[in-house]
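Visitor: Pasting the sequence and the predicted coordinates here, then a few questions.
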Amino acid sequence: MRQQFQYHPRVGYHFVPGLKARIPREGGGGYLVATNAQGFRCEHDFTPTRAAGSRRILLFGDSFTAGDGVANAQRYGDIVETMVEDLEVYNFGIPGTGPDQHWLAYQTFATALDSDLLVIAVLVENVRRVAARFRYYKDDLGRRVCYAKPYFLLGPEGPELHNVPAPREPIDEASLPLEDRDAIDRVGRFPRLNQLLMKTGTVGLAHRITGHSSYPQYDHPDDPDWRLMSRVLAEWIRSHPGPVLMTPLPLYYHIEEIQDPAPYQARFRELAEEVGCHFHDPLPDLLTHSMDERKRFRFGVDVHYTPKGHSALASSLAPVVRNLLDAPA
Amino acid sequence: MSYQVLGISAFYHDSAAALVRDGEIVAAAQEERFTRKKHDPAFPERAVNYCLEEGFIDPSDLDAVVFYDRPLLTYDRALKNALQMGDAGRDQFLRSTRSLLGQKVHVEDIVRRCLGSLGRANELLLCEHHVAHAASAFFPSPFEESAILTIDGVGEWAALTVGRGDASGIEILREIDYPHSLGLLYSAATHHCGFKVNSGEYKLMGLAPYGEPRFVQEIRENLIDLKDDGSFRLNTDYFGFLTGDAMTNTRFEELFGTRRRPPHEPISRHQMDVAASFQVVIEEAVLAVARFAKAETGSRHLVLAGGVALNCVANGRLLRAGVFADLWIQPAAGDAGGALGAALQASHINDGARPRPARPGGDGQLGSYLGPAFSDREIRAFLDRRALPFEHIPELDERSERIARTLAEGKVVGFFSGRMEFGPRALGARSILGDPRRADTQSKMNLQIKFRESFRPFAPSVLEEEAGDHFELDRASPYMLLVADVRKEHRLPRDRSKWRSEGEDMMPIINEIRSHLPAITHVDFSARVQTVRGDTNPAFHRLLEAFGEQTGVGVVVNTSFNVRGEPIVCTPADAFRCFMRTEIDLLVLEDYLLWKDAQSPSDEDEAWKARLIADDEGESAVRAPSGSGPVPVFGDPAIAVEAGRIWREELAGAVGGRYFAARPDAGLPTYYLSREGAGVEGLRTARLGSANAIEEALLELWSDARDEGLRAAAPALAALAMRLKSLDTQDGELPEFVYTLF
């Protein structure tokens, strides 16, 4: 399989530029990935100025925005582009990252680009990634390797950047101090148990019985992980000279009504009000679909959005984007 | 609208996938290159993935998916064979049934599950095995019309077909059915000589020139009845494949007067003579059937496919015989090529399309560079992620001159350039290169890089325009499938009668300097030539030019970029791993040059080397250099053993450890035994007094590996043997067998 990502000293990594690859998918099959000359999974090469008559949004997010599991054209960003007139969507999605690295990507690659709207799509799960300093990935032989990532800590003046340039070499977890081992993103609170529950189709039942919350970081506004992510987002949003739309992307826990979304919804809404950005919560629109349909919004154990999931999300987002773009400046 | 077909071969050996669009070959690759399992027979999920990636299409965009075999016909053969063999065929029938019913009969379900779609046809198309081979040979060939010859072990029923191809397509005219199979005959000889079937046939071919064909009469009189019309029948009394998994039986062994060589035993003259004899018979058979094909079709051209078509010695003889004015051989002649043939056949049936020649008179195989390429950005991403030191030389001339200079200094280069080859041969895209002028190139590349036997010759890649200056070859051989002799004026005088007087020690013969290009000149002055054109592989061609400008010969040694037991490398990561685990001096990844002495070795690579040395998978022994002595380790000569061979893992486990290292300044690797093998002093003094006695003890040890005491004694025995040798006592030089045990 091709190496999809290349090292970047400030962002951590991004896609290899000019890549054309087909990535195998859970349960057979695969999906086509094409990246632009700048190393993002975007159908457009990035140019500073817009073509006459066209409008442009800069879309940031993680693998749900980059489109893991689906072809470029099947992603919600690309579908929105087809639904809104004269629009080009610059997709800056980077799998395996959170808003901290998205902000760094924005600073590195996007500030010189004209735009009409900055869309920050935050997967609900990203609150954990922002707090992490290390993350496991798989190498070309499928072995798990741990890499350090750029990260922020909250200082008296706001978020302070650390670990830049990010080390290139893999980290041996055993060599880390204990407190650093706690800063490894292990993909969930109980990743192995959760995988087992997913495979047996009992995750919903187990979560309901136990009242388990996957993201307790949203339960209180003062939670340190939420505070870190919200300050990163706030700084980013305030730094952008144009309009910003923040949209939290729900996971299947919320789409399939396994867990209560209210805490995360409240936190993001409070943040949007605080910084004065536009806000769109797509979950209510997604919940209008039948449960059978909603279950087909993810692949299975791979919880990324399927083409149906992307399509539903795009249908929720496109009118909001259109209204914002059509609104008088 | 394009017509796109995916061809698939799987479940026998060397599975593969190929994508054809409007008759043109878009992509083709063997599954082994991606899974890193040599000759991987599994469903080629990753090769399929690659083909769709190269075409950048989804399975739903395919018009058809074609499998290269009709599983029910194969089952029919297994059933009828079992009925004919009675009780004796029961076990084999059960195995066949399990295999067929387990996967092959359900191939459509497997393909649908893997792809999620069978394309617009919405059903899996099936192409007969030998039709797929025939299509793979004819459609990409440069010929408007041609005779077609396909020869392999067995397809559904057919083991050999004669056909004709023209604008209307392919017609099979005659076939010879299982069990009468030249492929199986040759595989039986391969098995008898201790090589792996479906893998070691080319080793047998390489061994043949060392031998005398003294068994030809026995083979003709007992094993195969060759008719004047080119047909033949095998005497199945001598073969084991009808009733079981073994290729041969005791009658076969009795015919040749010896049991099958166990894979770990050294190769003897007997195996060389067997190899030479079967080579003669195969060549006779191929020539006879080619004459039949000529008579049947009247064509001036012949195209070949099937595993036997990889016997380039036979191909060379066929060419020289002049039965046909020209030949074209599918480079992926084995089962992998069936995927391509099946796709080409379906495409041709749809709209009559076939690959267009890349140039007038050329073929449509695109140099067989049909696998993945990796962009400059991808390679840079790989290097950056690992922080590997490199030189970047984007300018082709400058880079070629630098690489050529490195080769001319006697260094070995791993060359990774452009799209990976489809088929078993490395053709300058995934190749290890060396200087053919040096006498030590062959042994260095064999032992320090390929970790394999030293008898096998390397092939030359030569500028097409210069080929006639070095070889008796009057045409292009772009796929390394023709053998030609080194020109007479370049040969050096030699005394073949000396061969028999050298006993079992072949090293003096192997190391003999036979021409101005000793590293690629086989013992019979032949060479398996690849001619290289600038329009097919510009980077490789420019390198050959640069080497020619510096040395006067536009020829390099070209061997596949892998080590023994592993498939040819596919990705930059594969290439780097192979580079770090061998004594390759320079790795060229497109525009990037990585020097070995600038890299940091990893524990993982060192451990891998040790495992490879321990895990001999049936290759014959590497020979130690004559006259080389022991090298003290830890200051103790008693625990030093120098040999080009193999410390088996179970023995290492028995003695509690092992240390392995390569001596960088030697022409051959040095393997050191660990001092944990000590503690058998009593055994040594009580039983061993001479080199011959040690040899006997080692033989006993080897034949009774369950004896823990003897196993533990192995290091000490070997050390003592080396000491005796170094002191030149008792019997003088130790027999080579002692070396080859290790």
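Guide: Noted; the coordinates are in hand.
Visitor: Contact partners for residue 161?
Guide: You didn't say which chain, so I picked chain A. When contacts are counted by Cβ atoms under 8 Å, 6 or more residues apart in numbering or on different chains, A:Leu161 is found next to A:104, A:150-152. Where C-beta positions appear, they are placed from N, C-alpha and C, glycine not excepted.
Visitor: my bad, the chain I had in mind was chain B
Guide: Counting by Cβ under 8 Å, 6+ apart, B:Thr161 has contacts B:130, B:133-134, B:148-150, B:172-176.
Visitor: Tabulate these (JSON lines), appending distance to A:Glu88 and secondary structure.
Guide: Listed next are these as JSON lines, based on distance: Cβ to Cβ, whole Å; DSSP: H, G, I helix; E, B strand; the rest coil:
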{"residue": "B:His130", "distance to A:Glu88": "54", "secondary structure": "helix"}
{"residue": "B:His133", "distance to A:Glu88": "50", "secondary structure": "helix"}
{"residue": "B:Ala134", "distance to A:Glu88": "51", "secondary structure": "helix"}
{"residue": "B:Ile148", "distance to A:Glu88": "54", "secondary structure": "strand"}
{"residue": "B:Leu149", "distance to A:Glu88": "57", "secondary structure": "strand"}
{"residue": "B:Thr150", "distance to A:Glu88": "54", "secondary structure": "strand"}
{"residue": "B:Ile172", "distance to A:Glu88": "56", "secondary structure": "strand"}
{"residue": "B:Leu173", "distance to A:Glu88": "60", "secondary structure": "strand"}
{"residue": "B:Arg174", "distance to A:Glu88": "63", "secondary structure": "strand"}
{"residue": "B:Glu175", "distance to A:Glu88": "60", "secondary structure": "strand"}
{"residue": "B:Ile176", "distance to A:Glu88": "64", "secondary structure": "strand"}
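Visitor: which among these gets closest to chain A?
Guide: B:His133 (28.0 Å; Cβ to the nearest Cβ).
Visitor: Tell me which stretches of chain A form helices.
Guide: Counting by DSSP state H, one finds helices in chain A at the ranges A:63-66, A:76-83, A:99-105, A:126-131, A:178-181, A:191-200, A:203-210, A:224-239, A:252-255, A:262-275, A:283-287, A:291-295, A:307-326.
Visitor: pLDDT on the first one, on average?
Guide: What it means is helix A:63-66. Averaged across helix A:63-66, pLDDT comes to 97.
Visitor: if we can go back for a sec, quick one, which of the helices of chain A is nearest to chain B?
Guide: So among these, helix A:307-326 is nearest, using Cβ to the nearest Cβ, at 11.2 Å.
Visitor: Looking at the contacts of A:Leu161, which are in strands?
Guide: A:151-152 (DSSP state E).
Visitor: tell me, which of the helices of chain A is the model least confident about?
Guide: Across these, helix A:191-200 gives the lowest mean pLDDT, at a mean of 61.
Visitor: got the residues of chain A near chain B?
Guide: Taking Cβ under 8 Å from any Cβ of the partner chain as the measure of proximity, chain A contacts chain B at A:1-3, A:5-7, A:16-22, A:24, A:28-30, A:32, A:34, A:71, A:140-141, A:168-169.
Visitor: Selecting buried members of the residues you listed in PyMOL, what would you type?
Guide: Per 16 or more other Cβ atoms under 10 Å in any protein chain shown, the buried members of those correspond to this PyMOL selection:
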select buried, chain A and resi 1+2+3+5+6+7+16+17+18+19+21+22+29+30+32+34+71
